[in-house]
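below is the sequence, then the predicted model.
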Amino acid sequence: NFEIAIKALLQKFETEVRKDKELKELNTLSNQETGEILFNIPSGVQINEHTNVLMMSVKAQQDSLIVRLIFMEPEQFTS
């Protein structure tokens, strides 16, 4: 399931880059306290009866960049 979710997330990022090759309009959410940036590009995949939504965030450190993959509650993305 994790591999399927990662592939779907990467495909969503690829789609966004194709829309805007210079990434002038990057949809992000920022945490003012921690400096972490969440890419507002949810990637949902249906596996059997389970829906998984994966998102990615980054946080700059002094000598590194932390990349987090976060499974979100899928209910918050339904309308």
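Yep, it's here.

C-alpha coordinates for the helix or strand where E14 lies, CSV please?
In the assignment (DSSP states H and E), E14 maps to helix 2-19. Below are the C-alpha coordinates for helix 2-19, written out as CSV (Å, rounded to 0.1, in the frame of the first residue of the first chain):
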residue,chain,number,x,y,z
PHE,A,2,2.8,2.4,0.9
GLU,A,3,4.5,1.9,-2.5
ILE,A,4,1.2,2.5,-4.4
ALA,A,5,0.6,5.7,-2.3
ILE,A,6,4.2,7.0,-3.0
LYS,A,7,3.8,6.4,-6.8
ALA,A,8,0.5,8.2,-6.8
LEU,A,9,2.0,11.1,-4.9
LEU,A,10,4.9,11.4,-7.3
GLN,A,11,2.4,11.4,-10.2
LYS,A,12,0.5,14.2,-8.6
PHE,A,13,3.7,16.3,-8.2
GLU,A,14,4.6,15.5,-11.9
THR,A,15,1.1,16.8,-13.0
GLU,A,16,1.6,20.0,-11.0
VAL,A,17,5.0,20.6,-12.6
ARG,A,18,3.7,20.0,-16.1
LYS,A,19,1.0,22.6,-15.4
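
list the residues that contact the residue nearest the centre of the chain.
Residue closest to the mean C-alpha point of the chain, counted by CA atoms, centre = their mean, is M55 at 2.6 Å. If a contact means CB atoms under 8 Å, 6 or more residues apart in numbering, then M55 has L9, L38, F39, N40, I41, P42, S43, L69, I70, M72 as its contacts. The way it works is simple: take the backbone N, C-alpha and C, and place the C-beta from them, glycine included.

nothing else from me, thank you.
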